[in-house]
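Enquirer: give the three-dimensional model of this entry:
(chains A and B)
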Amino acid sequence: MSAIPWTEKYAPRRVSEIVRNTEAAMKLLRLVKEWKPGSKGILLYGPPGTGKTVSVYAVANELNYEVIEMNASDTRNVQNVMRIAGSAAMQAPLFAKRGRIVLIDEIDGLSGREDRGGLGAIIKVIKNARVPVVLTANDPWDPRFASLRQYCKLIEYKRLTMWDVVKVLRSICQKEGIIADNEVLKEIAKNAEGDLRSAINDLQALAEGRKRLTKGMLGILARRDREKNIFEVLRMLFSAKTARMATFALSTADVDYEMLMRWISENIPYHMNDVEELAKAYDALSRADVFLGRIKREQNWKLLPYAFELMSAGVALARTKSKFKFVKYSFPSLLRELKSSKEQRDLQKKVGEKIKKRCHTSVTRAINDFLPFIRTIFRSNPEMGAKMARWFRFNEEEIAFITGDSKSSKEIIKLLR
Amino acid sequence: MFRALLSDARTWTYIVDALSTLVDEANFVAKPDGLSMRAMDPSHVAMVDFVLPSDAFDEYECDQETLLGVNLDEMKKIMRRARSGDTLEMIYEEAEKRLKLRLRGKTVRTFSIHLLDITAEELPEPSVEFKAFAIITADALQEAVKDAAVTSDHVKIVIQPDKVTFRAMGDLGEVVVEMGKDSEALLDIQASEESAATYTLNYLADMIKVAKAADTVKLQLSTDMPLRIDFNLPGGGRVSYFLAPRIEGE
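Expert: Okay, here's the model as predicted:
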């Protein structure tokens, strides 16, 4: 993995460097300059990768302002919006900067559940702000932004044309000393559908470790669509012939690593029927699991690439004999079973709690060491079972769970009445 | 290798309490000459600058500069368990990547926490010139902040050559707290010109938590510029806060 993403390395530092939407960025610059308390907030809208966020940073750079950003990776509920954006919008910058911009990025991403009340809080921040507040959105006409729009001036960012994108890609290639066929750049641009950020990312991925790009390499990129569903990801992973293709497949997934791991683990046998292959694949997966465990325990995220490579390339390249075929993927059975047994497990825990209280032991111990004996007593000696049930204060449902057969549980319940 | 011993664990409790009000996670920097931390709150409104030199500890060993990234809330939870009379020993060994906090009182209790990899953001050198300063007792500041909070969420601090004034205006009315030259609370004051700025009380309220560990506090400011508050810790060391002024409305 190379150090800095090119999207950052070649981000425009000045408003005039912004492609296609230069005018929009100029307008933003003017609004920020002329902004005074009581002015409206500023809402930049347009498709992804058109330069909304970068123009905020370019404006800040020109004016020597600092940017306090809240983006989709922050929880944006009422408390957090008030604590970070609200607080930043009320005070002057601490040192050396002439002013500040509060940027709330990608408000489309505000989720109803985690970011509860976030939108209302944002409006409040804008109303009371003493510094310019800038928001970005893909779709400002979403009904939930209706009242927000009244407090904002809107600036539109237009989709970039393929040629806009090609021009930027070419200048990056020049600076990086990469020779690229025009066809390649065009293809990348077409793929990105006017999204400059993803085009630059694709270019960087393609150019990793290469100085020359030809058309034949495009296969790696496949078709770009964000957030592939898990079935497509698995299909791509298991059909991969090279390590690069396998890791790429996983990188498009929109589920977290642990979930991904369960899916892979569940579906390996559908693709491999040779014992050696299976052993290799599961070995790679288990090593990935060891890494994930370490990452979790030690919070050492540097290890993530290892886990990632093992669970992608390690698994995919284990298949050497079996032919790739289309199969129906199944949902991780562990999760399914955990879900379906939830009621039983809850009941078991409740019983465990009651035993724990009476016998002064832990719940785990109560379930492992005590419950089997209690079960045997309940089944073979209902009278004694009834006495015990009374002492433990088990209810009818719990008695039925303990005995596991309806005949003896009925008998005990009858004796209790 | 880093090892430090404090004969009164509560000193550390106060320090951690104070630091954790501004940031959730931050790097302590252990150097042969002492322990320090500098961190900014997420809205870049306040900064804390903390230094505890090696001779403020009862025992101190550190052979090279070491970054100790900690979750301050976790550390705070541990320090809550300190009892009066406990001593605190902090031990870090590279091999383990854990920081051990050992509380020694009637029993010996060792808590270990995982260290975090925190990419330290570049923090500006606090290079501000101040036109005025006042040294007051730590509890006088605490009281003044609480008084101001009765009516408002912000307070104007005015330093004149002969007095400090805290003025808070709200919907209910006004609160004015004055400390003149004859006041026991005011220990020293100097102002090349009358200086005044308004600050948010929420932040001040968090910052004065460390007052429990200090006797006196030095306030420095210039008109509509950041405020600097220095708490000198008994036995050496200090906690300094920088707080940006509120931008006053029309």
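Enquirer: got a list of contacts for stretch A:334-343?
Expert: The contact list for stretch A:334-343 (Cβ atoms under 8 Å, 6 or more residues apart in numbering or on different chains) reads A:Arg262, A:Glu266, A:Arg345. Using the backbone N, CA and C atoms, a C-beta is placed for each residue, glycine as well.
Enquirer: what does stretch B:149-158 give?
Expert: When contacts are defined by Cβ under 8 Å, 6+ apart, stretch B:149-158 is touched by residues B:144-145, B:148, B:164-175, B:194-202, B:204-205, B:219, B:221, B:227, B:246.
Enquirer: what about the closest residue in space to A:Pro269 that isn't next to it in sequence, which helix or strand?
Expert: Once flanking residues are discounted, A:Pro269 sits nearest to A:Leu278: 6.6 Å by Cβ to Cβ, 6 or more residues apart in numbering or on different chains. According to DSSP states H and E, A:Leu278 maps onto helix A:275-298.
Enquirer: before we move on, the earlier item: from the contacts of stretch B:149-158, which land in helices?
Expert: Under the assignment DSSP state H, these contribute B:Ala144, B:Val145, B:Ala148, B:Leu201, B:Asn202, B:Leu204, B:Ala205 to helices.
Enquirer: pLDDT score for A:Lys97?
Expert: Per-residue confidence (pLDDT) for A:Lys97: 74.
Enquirer: wait, a helix at it?
Expert: No. Judged by DSSP: H, G, I helix; E, B strand; the rest coil, A:Lys97 forms no part of a helix; its state is coil.
Enquirer: gap between the closest residue to chain B within the stretch 251-400 of chain A and A:Pro48?
Expert: Here the residue of the stretch 251-400 of chain A nearest chain B is A:Gln299; by Cβ to the nearest Cβ that distance is 5.2 Å. A:Gln299 sits 31 Å away from A:Pro48, taking Cβ to Cβ, to the nearest Å as the criterion.
Enquirer: so those two - more neighbours on which side?
Expert: Higher neighbour count among A:Gln299 and A:Pro48: A:Pro48, with 20 against 15, using other Cβ atoms under 10 Å in any protein chain shown.
Enquirer: what's the neighbour count on the closest residue in space to the more buried one that isn't next to it in sequence?
Expert: Closest residue in space to A:Pro48, ignoring its immediate chain neighbours: A:Asp195 at 5.1 Å, by Cβ to Cβ, 6+ apart. A:Asp195 has 21 neighbouring residues, counting by other Cβ under 10 Å.
Enquirer: ok, A:Leu213 next?
Expert: Neighbours of A:Leu213 (other Cβ under 10 Å): 20.
Enquirer: just checking, B:Gln64 touches B:Val29?
Expert: No. Using Cβ atoms under 8 Å, B:Gln64 is not in contact with B:Val29, being 11.3 Å away.
Enquirer: the two: which is more packed in?
Expert: For B:Gln64 versus B:Val29, neighbours defined as other Cβ under 10 Å are more numerous around B:Val29 (17 against 10).
Enquirer: need the phi and psi values for the more buried one.
Expert: Backbone geometry at B:Val29, expressed as degrees, to the nearest 10, gives phi -110, psi 120.
Enquirer: can you name the residues bridging to it?
Expert: Beta-bridge partners for B:Val29, by DSSP bridges, are B:Ser36, B:Leu67.
Enquirer: contacting residues for it?
Expert: B:Val29 sits next to B:Leu35, B:Ser36, B:Met37, B:Glu65, B:Thr66, B:Leu67, B:Leu68 when contact means Cβ under 8 Å, 6+ apart.
Enquirer: show the pLDDT at it.
Expert: 92.
Enquirer: who in chain B is up against chain A?
Expert: Contacts of chain B with chain A, taken as Cβ under 8 Å from any Cβ of the partner chain, map to B:40-47, B:97, B:114-117, B:124-128, B:200, B:202-203, B:224, B:226, B:242-250.
Enquirer: show the buried residues in these.
Expert: B:40-47, B:114-116, B:124, B:126, B:128, B:200, B:202-203, B:226, B:242-247 (16 or more other Cβ atoms under 10 Å in any protein chain shown).
Enquirer: show me the residues you listed that map onto strands.
Expert: Under the assignment DSSP state E, these contribute B:Met40, B:Ala46, B:Met47, B:His114, B:Thr200, B:Phe242, B:Leu243 to strands.
Enquirer: where in chain B is pLDDT low?
Expert: Filtered on pLDDT under 70, chain B yields the residue ranges B:120-122, B:125-126, B:249-250.
Enquirer: domain parsing of it, as residue ranges.
Expert: Domain ranges of chain B: B:2-114, B:132-243, per automatic domain parsing.
Enquirer: what about the longest one, distance to the chain center?
Expert: On the basis of Cα atoms, centre = their mean, to the nearest Å, domain B:2-114 sits 14 Å off its chain's mean C-alpha point.
Enquirer: sorry, back to before: quick one: the residue nearest to A:Pro48 from A:Gly51, how far?
Expert: Counting by Cβ to Cβ, the gap from A:Asp195 to A:Gly51 is 11 Å.
Enquirer: and the strands in chain A?
Expert: Here chain A has its strands, by DSSP E, at A:41-45, A:65-70, A:99-104, A:133-137, A:152-156, A:179-180, A:212-213.
Enquirer: elements contacting the second one?
Expert: Contact partners of strand A:65-70 among helices and strands, from 3 or more Cβ pairs under 8 Å, 6 or more residues apart in numbering or on different chains; DSSP states H and E: helix A:52-63, strand A:99-104.
Enquirer: off-centre distance for the first one?
Expert: When C-alpha coordinates are averaged (Cα atoms, centre = their mean), helix A:52-63 and its chain have centres 27 Å apart.
Enquirer: run through the neighbouring helices and strands of it.
Expert: Contact partners of helix A:52-63 among helices and strands, from 3+ Cβ pairs under 8 Å, 6+ apart: helix A:22-34, strand A:41-45, strand A:65-70, strand A:99-104, strand A:133-137.
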